[in-house]
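Undergrad: Here is a sequence together with a model predicted from it:
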Amino acid sequence: MNGLRSWIARRLILGLLQTAAVVLLVFALTEALPGDAAVAFAGDQPDPERIAAVREAMGLDRPAHERLAEWVTGLLHGDFGTSLTSGRPVSGFLADGFGPTLLLATLTVLLLVPLGVGLGVLAARHEGRLPDRLISSATLGVYAVPEFALGVLLVSVFGLRLGWLPPTAVGYGDGLLAHPAVLVLPVLVLLARPVCSLARLVRAGMIEALAAPYTAQARRYGLPGTRIRYGHALPNALAPATQQLARTIDWLLCGVIVVEALFVIPGLGTVLMNAVADRDIPVVQGLAVVFGLATVVLNLGADLVTHRLAPRSEVAA
């Protein structure tokens, strides 16, 4: 127990250090972005005095270290700042885009886990035979197709040519859940590559676990094959797959910019694109910090789950 507590404490300290690094890196990178919100806000062909006045009003003329200290203080109190272009709190932008992105991510994960694990286990049980070859070939081929290309193909065939499904979410507003047909194509695009990578990881882990000495020992003791596969081999096969699943969820929560842009879904990716186009630095910073924190938290959770599933694996810090 003491060893587990020490391990958790080290991971938490590492997470805090990573969070601090994310905040500093986000500020430094946004400071280095080309363009100026004052120029964009001042309108077409503004004169230098107008730009200087706008910069002063927005506080952009202050030294970087002062703005960093003020921003970090606000973050510690849950304040992500205020939009330079609209005057709205950044948290309002996050709330607007979080719902659609969370809905897409939740539906994708609910389908991803049973599909990915099921295909991986099926391929491992029939290693080298027809089911294994079919699953391995299909997952390799689908994984090679970029999300944008797959999305365009699905929209062209099922949305425009056949007319079975809506090609975009235009006109549906925030009520995506009330119109399930709108979500079918985006979820299929989001599922395609993660299912392939998860299935291949589970397959490889299952094959390795079934060939390990402890499974051979279990067979010698006369344990049923089902118990060996699902009670001993599968938990060890899921350990590396858990890390992949955490990265997938992080990718989904971070807006899935390409998919949201393709299907015109008003999620976090759309909010980020609009903020970059408007040079709205506080919104970009707020989104980047949320994405970074999601990555840190999900990876910490994945480490804990992996340690629980396979304590012998000693997940690297």
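TA: Structure received.

Undergrad: Where does the spatially most central residue of the chain sit, in terms of helix or strand?
TA: In the chain, the centroid-proximal residue (C-alpha atoms, centre = their mean) is residue 251; its distance is 1.7 Å. If you go by DSSP states H and E, residue 251 is part of helix 234-253.

Undergrad: picking that back up, ok, the residue nearest to the centre of the chain - contacts?
TA: residue 194 (C-beta atoms under 8 Å, 6 or more residues apart in numbering). The C-beta positions use only the backbone N, C-alpha and C, and glycine is treated the same way.

Undergrad: next one: the one 5 residues further on
TA: Shown here is residue 256, whose contacts under the criterion C-beta under 8 Å, 6+ apart are 101, 104, 105, 147, 190, 267, 269.

Undergrad: ok, then the element right after the strand or helix carrying residue 149?
TA: Using DSSP H and E, residue 149 maps to helix 147-154. Sequence order places helix 180-210 as the next helix or strand after helix 147-154, per DSSP H and E.

Undergrad: List the buried residues in that next one.
TA: Buried residues in helix 180-210, counted by 16 or more other C-beta atoms under 10 Å: 182-207, 209-210.

Undergrad: what packs against the helix or strand following it?
TA: As assigned by DSSP H and E, the chain's next helix or strand after helix 180-210 is helix 213-220. Packed against helix 213-220 by the contact rule (3 or more C-beta pairs under 8 Å, 6 or more residues apart in numbering; DSSP states H and E) you find no helix or strand.

Undergrad: make it 10 Å
TA: Applying 3 or more C-beta pairs under 10 Å, 6 or more residues apart in numbering; DSSP states H and E, we find helix 213-220 packed against helix 180-210, helix 225-227.

Undergrad: With distance to residue 117 added, can I get those in TSV?
TA: Converted to TSV, the helices and strands packed on helix 213-220 look like this (distance: least, C-beta to C-beta, whole Å):
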stretch	distance to residue 117
helix 180-210	5
helix 225-227	16
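
Undergrad: Would you single out the least confident of those?
TA: Lowest mean pLDDT within the helices and strands packed on helix 213-220: helix 225-227, a mean of 70.

Undergrad: circling back to that earlier point, quick one: which of the helices and strands packed on helix 213-220 is nearest residue 285?
TA: helix 180-210 (26.0 Å; C-beta to C-beta).

Undergrad: Determine the set of other helices and strands touching that closest one.
TA: Helix 180-210 packs on helix 90-125, helix 130-143, helix 147-154, helix 213-220, helix 234-253, helix 257-262, going by 3+ C-beta pairs under 10 Å, 6+ apart.

Undergrad: try it again with 8 Å
TA: helix 90-125, helix 130-143, helix 147-154, helix 234-253, helix 257-262.

Undergrad: weakest of those in terms of mean pLDDT?
TA: Taking the mean pLDDT of the helices and strands packed on helix 180-210, helix 234-253 comes last: a mean of 73.

Undergrad: mind exporting that one as CSV, just the C-alpha atoms?
TA: Extracted in CSV, the C-alpha atoms of helix 234-253 (Å, rounded to 0.1, in the frame of the first residue of the first chain):
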residue,chain,number,x,y,z
LEU,A,234,-7.0,-9.7,-21.5
PRO,A,235,-6.2,-7.4,-18.5
ASN,A,236,-2.5,-7.5,-19.4
ALA,A,237,-3.4,-6.9,-23.1
LEU,A,238,-5.6,-3.9,-22.1
ALA,A,239,-2.7,-2.2,-20.2
PRO,A,240,-1.0,-0.7,-23.3
ALA,A,241,-4.5,-0.2,-24.9
THR,A,242,-5.5,2.0,-22.0
GLN,A,243,-2.7,4.5,-22.9
GLN,A,244,-4.0,4.6,-26.5
LEU,A,245,-7.5,5.1,-25.3
ALA,A,246,-6.4,8.0,-23.1
ARG,A,247,-4.7,9.6,-26.1
THR,A,248,-7.8,9.0,-28.2
ILE,A,249,-10.1,10.7,-25.6
ASP,A,250,-7.7,13.6,-25.3
TRP,A,251,-7.7,13.9,-29.1
LEU,A,252,-11.6,13.9,-29.2
LEU,A,253,-12.0,16.4,-26.4
